[in-house]
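# could you look at this predicted model? Sequence included:
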Amino acid sequence: MKLIFRLLLSAIAVVVLANVLGGVSVDGYGTAIIVALVLSILNLLVKPILVILTLPITIVTLGLFLLIVNAAVILLADSLISGFSVDGIWWAVLFSILLSVLQSFLHSLLKDD
């Protein structure tokens, strides 16, 4: 149940950011849930492979290249989902940063103390 609730919180974050950022658009709430699900799957399967392949440049840039890896995952989700679009790499980087911040804020509300 908690997994579904986290997925819905991520979908809400996607909708909020799509309304705030001009270069990101999502068709509706159903598409936002699909975006959250696809991003979860891509972060689970594709992102570790990309991190390992780009490890030397990530070390040289002191981890800043991970922003580009996150943006690449978002652009991959953009190409997989028809109702979700990101205008470019810089919008994807900004979307990635803000999505991480917003998700961590929303997920901290779920924390059981």
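Cool, got the structure.
# distance check, V24 against L7.
Remark: distance between V24 and L7 (Cβ to Cβ, to the nearest Å) = 19 Å. Where C-beta positions appear, they are placed from N, C-alpha and C, glycine not excepted.
# check I89 too.
Taking Cβ to Cβ, one finds I89 at 26 Å from L7.
# ok, now L76?
19 Å.
# what's the neighbour count on S40?
15 (other Cβ atoms under 10 Å).
# that one: what's it in contact with?
7, 10 (Cβ atoms under 8 Å, 6 or more residues apart in numbering).
# one more time with 10 Å, if that's ok
Shown in contact with S40 (Cβ atoms under 10 Å, 6 or more residues apart in numbering): 3, 6-7, 10, 77.
# which SSE is K111 in?
Using DSSP states H and E, K111 is not contained in any helix or strand.
# what is the neighbour count of it?
By other Cβ under 10 Å, 6 other residues sit near K111.
# quick check: the gap between it and I52.
Taking Cβ to Cβ, one finds K111 at 30 Å from I52.
# one more: G30?
G30 sits 34 Å away from I52, taking Cβ to Cβ as the criterion.
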